[in-house]
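Asks: here is a sequence together with a model predicted from it:
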Amino acid sequence: VHMTTNSTLQMAEFDKEAAKNASTFAHDGFGNATLKRLFKKIVNIGFAATNDSEQLKAISNLEADLTGIYSKGKVCLESKGCLQLEPGLTDIITNSRSYEELLAVWKGWRDASGKLMRTKYTDFVKAMNAAIKFSGFNDTGEYWRSWYETPTFEQDVRTLFEELEPLYVELHAYVRKRLKEKYGKDMFPETGHIPAHLFGNMWAQQWSNIYDLLVPFPGASSVDITAKMKEQNYNVTHMYRVAEDFFMSIGMEKMTDAFWQNSMLVKPTDRDVVCHASAWDFYDENDFRIKQCTSVTEDQLLTVHHEMGHIVYFQNYRHQPRLFRGGANPGFHEGMADIVSLSFQTPEHMKVIGLLDEVPQDSDSDINFLLKMALDKVAFLPFGYLIDQWRWSVFRGDTNSSNYNQHWWDLRCRFQGISSPVKRTEEDFDPGAKYHIPGNTPYIRYFVSFVVQFQWHEALCREAGNTRPLHRCDIYNNTNAGNKLREMLRMGSSKPWQDAMEAITGQRTMSAKPLVNYFDPLLKWLKEQNKEENTGWSASCPSSIPTP
Ligand SMILES: O=C(CCC(O)(O)[C@H](Cc1ccccc1)NC(=O)c1ccccc1)N[C@@H](Cc1ccccc1)C(=O)O
Ligand SMILES: [Zn+2]
């Protein structure tokens, strides 16, 4: 822990020195926009502006402690021994269809992670808020939102969410109906919420792992990628080669030798590591790495493409000055990480890489495919939106340690329409069970990403001369699409993100329309399915919890 603290203090000293030197220039009055932008980045040093190094030590040590708790957390089950989040607990949450077993793992993980973090997290927030004031921000949330350079950013994301909510409500109603068939309707509260542990995901943030319970047309084609991968003896290295091949097919460079030498692609057996996947730029224009506890599953193949998408962004802005080597905004970096997944998952592409025998053309298969995509991309939207609604309210002081968990579940019930399967109190700290809270990684970036990736996909498919419906477009092997994407990537953070957006789509704003258009055929089908359903749920959490 003191290692990270020392390097944190050293970096802060450097940043302060550079900021002091830059402030001797009247850079606000510079004529050259790029130079002006560069100076603004040099002086905007975040927490490092504090004159109290104790605050920086606290921030660094508390983050290390919190991620340490997260990476060491384990749940002991009489049937399967003691398991960590990856791969053991994730495998059970993904594959078990036993209400009780899922509940044991869901509750066990929260007891082993978030529950142990509450006090440290309270101190963590205090230290960050105290330090950030030296950079002229009222609280940490205001600092994080400043990266989007948009005064109306909070309202903009709220508006986008409201435009997307009707689609989510229809998906939720259909999934609730099918889960009631599976688990029995008396396991569901009267309020319309769905118990949070039944979605095939530890946080109910993406639902494609329970696709087998939800298949619209079982007769039509739908493919189990994980099974196919195992059948074809996929190993971890091959998964990375498949992803590298996709990026090279649209004209991007191969991974560097340093990438293959220095990355950590499998979980080490000799030490505890933070298994949550991440990509790293060492800013020497050559050393780029992924850290991932990779296992051979479909979810993990998508994560491999995601992390490598970050690396491709690093490679495309490596010529920029150091302070411009970042995403146009954090949501753009995540959008670049995900954009390939919209092509990669199409039946057309699955056939290209041999994970699907025939490409189905009938409309039933289309609905099957669109539902599976919605279980990842639409289901995610309220989750991607609410995490930082909670965190911004904590940083503002509207939520404090006496109602952390209450507010968390208020948001989970209101926006996701899910509820806790067991009673929750302020002894619990459920936000801490999600990596990004102990890891202090902002989250609204993923909501932004899930919106902009559809805007880019629509524009890149047009550039590629695609004539098929958007959800069947695969930009694999299309260098025109790749060149268009690279125009944006090369800019890094040298220009405001509106310029980067314009470079790809011709627009300067975020828009929910491409996402809504992509799922339009599914929305019609869902409305038909939900004709007899009371769609939606009560804004507040259920008072009573059904017990098995
Ligand atoms: O957290 C991730 C993937 C990890 C990451 O690639 O976004 C990673 C998060 C991280 C980890 C450690 C330190 C900082 C951030 N981000 C990066 O590795 C990254 C991001 C931008 C630039 C450079 C690296 N995805 C989110 C949301 C998501 C996205 C896409 C599909 C599914 C789910 C999640 O799992 O809840
Ligand atoms: Zn990412």
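Replies: Structure received. Just so it is clear, the model here is predicted, and its values are computed rather than measured. Ligands and ions are numbered 1, 2, ... in the order given.

Asks: rest of the way, CA atoms for contacts and neighbours
Replies: Fine.

Asks: which non-adjacent residue is nearest whichever residue of the chain sits closest to ligand 1?
Replies: The chain approaches ligand 1 most closely through residue 278 (3.2 Å), counting by C-alpha to the nearest ligand atom. Residue nearest to residue 278 in three dimensions, not counting chain neighbours: residue 291, with 5.4 Å by C-alpha to C-alpha, 6 or more residues apart in numbering.

Asks: just residue 448 next, same as before
Replies: Distances taken as C-alpha to C-alpha, 6+ apart place residue 331 nearest to residue 448, at 5.1 Å, with adjacent residues excluded.

Asks: before we move on, what about residue 547?
Replies: With sequence-adjacent residues excluded and distances taken as C-alpha to C-alpha, 6+ apart, residue 547 is closest to residue 187, at 6.9 Å.

Asks: what do you get for residue 182?
Replies: Per C-alpha to C-alpha, 6+ apart, closest to residue 182 is residue 213, 7.6 Å.

Asks: and the one you found, how far from residue 199?
Replies: As judged by C-alpha to C-alpha, to the nearest Å, residue 213 and residue 199 stand 10 Å apart.

Asks: so these two - more neighbours on which side?
Replies: residue 199 (24 against 15; other C-alpha atoms under 10 Å).

Asks: list the residues that contact the more buried one.
Replies: 206-207, 209-210 (C-alpha atoms under 8 Å, 6 or more residues apart in numbering).

Asks: got it, and residue 137?
Replies: Residue 137 sits next to residue 143 when contact means C-alpha under 8 Å, 6+ apart.

Asks: which element is the residue nearest to the spatial centre of the chain on?
Replies: In the chain, the centroid-proximal residue (C-alpha atoms, centre = their mean) is residue 446; its distance is 4.5 Å. If you go by DSSP states H and E, residue 446 is part of helix 444-463.

Asks: host element of residue 313?
Replies: Using DSSP H and E, residue 313 falls within helix 298-316.

Asks: and that helix, what does it pack against?
Replies: Under the contact definition 3 or more C-alpha pairs under 8 Å, 6 or more residues apart in numbering; DSSP states H and E, helix 298-316 sits against helix 225-231, helix 236-249, strand 278-281, strand 288-291, helix 330-339, helix 341-344, helix 479-489.

Asks: burial measure for the residue nearest to residue 547, as a count.
Replies: Residue 187, neighbours per other C-alpha under 10 Å, totals 17.

Asks: hang on, the earlier thing: so which of the contacts of residue 199 is the most crowded?
Replies: residue 207 leads the contacts of residue 199 on contacts (other C-alpha under 10 Å) with 24 neighbours.

Asks: residue contacts, the residue nearest to it when sequence neighbours are not counted?
Replies: Closest residue to residue 207 apart from its sequence neighbours, by C-alpha to C-alpha, 6+ apart: residue 375 at 4.8 Å. Counting by C-alpha under 8 Å, 6+ apart, residue 375 makes contact with 206-208, 211.

Asks: could you redo the last one with a cut-off of 10 Å?
Replies: The contact partners of residue 375, by C-alpha atoms under 10 Å, 6 or more residues apart in numbering, come to 168, 171-172, 175, 199, 205-211, 214.

Asks: from the residues you listed, pick the one nearest residue 138.
Replies: residue 205 (30.4 Å; C-alpha to C-alpha).

Asks: the closest one - how many residues pack around it?
Replies: For residue 205, using other C-alpha under 10 Å, the count is 21.

Asks: kindly state the pLDDT recorded for it?
Replies: At residue 205, the model reports a pLDDT of 98.

Asks: neighbours of the closest residue to it other than its chain neighbours, how many?
Replies: If the residues on either side of it in the chain are set aside, residue 205 comes closest to residue 380, at 5.1 Å by C-alpha to C-alpha, 6+ apart. Neighbour count of residue 380, defined by other C-alpha under 10 Å: 20.

Asks: residues contacting residue 380?
Replies: 168, 204-207, 374, 416, 446-447, 450.

Asks: buried ones in the helix-or-strand element of the chain with minimal mean pLDDT, by neighbour count?
Replies: Here the helix or strand of the chain ranked lowest by mean pLDDT, DSSP states H and E is helix 2-22, holding a mean of 88. Neighbour-count burial for helix 2-22, with 16 or more other C-alpha atoms under 10 Å as criterion, is recorded at 5, 8-9, 12, 15-16, 19, 22.

Asks: the nearest residue to residue 186 once chain neighbours are set aside: how many residues sit nearby?
Replies: Among residues not flanking residue 186 along the chain, residue 546 sits closest, at 6.9 Å (C-alpha to C-alpha, 6+ apart). For residue 546, the tally of surrounding residues (other C-alpha under 10 Å) stands at 15.

Asks: for residue 544, same thing?
Replies: So residue 544, with other C-alpha under 10 Å, has 12 neighbours.

Asks: same check on residue 506?
Replies: Around residue 506 there are 12 residues (other C-alpha under 10 Å).

Asks: report pLDDT for the residue nearest to residue 205.
Replies: On pLDDT, residue 380 comes in at 98.

Asks: residue 241 versus residue 477, what's the distance?
Replies: Residue 477 is 15 Å from residue 241, by C-alpha to C-alpha.

Asks: pLDDT weak spots in this protein?
Replies: Along the chain, the parts satisfying pLDDT under 70 run over 1-5, 548.

Asks: what residues does it put near ligand 1?
Replies: By C-alpha under 6 Å from any ligand atom, the part of the chain that sits against ligand 1 consists of 277-280, 307, 310, 333, 441, 446.

Asks: widest-spaced pair of those residues?
Replies: So, those by C-alpha to C-alpha: farthest apart are 280 and 446, at 17.9 Å.

Asks: strands along the chain, start to end?
Replies: 74-77, 81-84, 194-195, 278-281, 288-291, 418-419 (DSSP state E).

Asks: what helices or strands is the fifth one leaning on?
Replies: In terms of contacts (3 or more C-alpha pairs under 10 Å, 6 or more residues apart in numbering; DSSP states H and E), strand 288-291 is packed against helix 257-262, strand 278-281, helix 298-316.

Asks: now mean neighbour count too, for these, in a markdown table please.
Replies: What follows is those, written out as a markdown table (neighbours: other C-alpha atoms under 10 Å):
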| stretch | mean neighbour count |
| --- | --- |
| helix 257-262 | 13 |
| strand 278-281 | 17 |
| helix 298-316 | 23 |
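
Asks: and residue 378, what does it touch?
Replies: Contacts of residue 378 by C-alpha under 10 Å, 6+ apart are 164-165, 167-169, 171-172, 205-207, 371-372, 450-451, 515-516, 519.

Asks: how far away is it from residue 351?
Replies: For residue 378, the distance to residue 351 equals 25 Å [C-alpha to C-alpha].

Asks: please apply the same query to residue 11.
Replies: As judged by C-alpha to C-alpha, residue 11 and residue 351 stand 49 Å apart.

Asks: next one: residue 470
Replies: From residue 470 across to residue 351, the span is 18 Å (C-alpha to C-alpha).

Asks: so for these two, which sits in the more crowded spot?
Replies: residue 470 (20 against 13).

Asks: mind listing what's buried in stretch 103-115?
Replies: Within stretch 103-115, the residues scored as buried using 16+ other C-alpha under 10 Å are 103, 105-115.

Asks: what's the answer for stretch 520-537, then?
Replies: For stretch 520-537, using 16+ other C-alpha under 10 Å, the buried residues are 521-523, 526-527, 529-530, 535-537.

Asks: likewise stretch 130-146?
Replies: 130-135, 137, 139-141, 143, 145.
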